[in-house]
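Undergrad: Coordinates for the following, if possible.
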Amino acid sequence: MTRLDRRLAAAAAFAVPGRRFADIGTDHAFLPIWLCENEVSPGGVASDINEGPVRRASANIAAAGLSDRIAVFRTDGLSGIERFSPQDIFILGMGGELIAGIVSSSRLAADPDVRLILQPMTKAAELRAALDALGFRIDGETVVRDGRRLYQVILA
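TA: Just a heads-up that it's a prediction; the model follows:
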């Protein structure tokens, strides 16, 4: 069974059981694996813009025996993600300005049935301002300490 660090566990706590996910910038796919192993989600997609993280994610998903439930997709942000029909979109571990850019450039993120779980590493105020300007509502948030660092997780 996959264990999540506190930062990823705080994000996973916002997942609604039974919904499909997209993990944008997945890196290692620990969150998607955990969501499926714990029967929170029937499946989804793990994506990253870089080949190295895509290879790591694919290897970890295969080792967990979840290749039939988690697709791996190399893409920039949310480009092409709509074909996987995610309902919960996780964008974690990036700068707030990058997350804002990803969200603002996608019609998928504006779907009222889609929930965004966001964890900015920097510039959280810029992300919040962008969400407000785009008409998003913040429905929940938490702060978690992992090691010496505090992390914000925002549900929009």
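Undergrad: okay, which residue is most central for this protein?
TA: With distances taken as CA atoms, centre = their mean, the residue of the chain nearest its centroid is residue 90 (1.6 Å).
Undergrad: quick one: contacts for that residue?
TA: With contacts defined as CB atoms under 8 Å, 6 or more residues apart in numbering, the neighbours of residue 90 are 11, 21-24, 31, 117-119. Where you see a C-beta, it was placed from the backbone N, CA and C, and this is true even at glycine.
Undergrad: per-residue pLDDT, it?
TA: The model reports residue 90 with a pLDDT of 98.
Undergrad: In terms of helix, strand or coil, where does it fall?
TA: Reducing the assignment to helix, strand or coil with DSSP: H, G, I helix; E, B strand; the rest coil, the entry for residue 90 is strand.
Undergrad: got it, and residue 56?
TA: Residue 56 is classified as helix under three-state DSSP.
Undergrad: Next, count neighbours for the residue lying closest to it once chain neighbours are set aside.
TA: Nearest non-adjacent residue to residue 56, counting by CB to CB, 6 or more residues apart in numbering: residue 28, 5.2 Å away. Other residues within reach of residue 28 by the criterion other CB atoms under 10 Å amount to 18.
Undergrad: circling back to that earlier point, the residue nearest to the centre of the chain pairs with what?
TA: In this structure, residue 90 has beta-bridge partners residue 23, residue 117, where bridges are defined by DSSP bridges.
Undergrad: and it, how far is that from residue 109?
TA: Between residue 90 and residue 109 the distance is 12 Å, computed by CB to CB, to the nearest Å.
Undergrad: Could you do residue 142 as well?
TA: 21 Å.
Undergrad: where along this structure do the helices fall?
TA: In the chain, the segments counted as helices under DSSP state H are 6-12, 30-37, 51-63, 96-104, 124-133.
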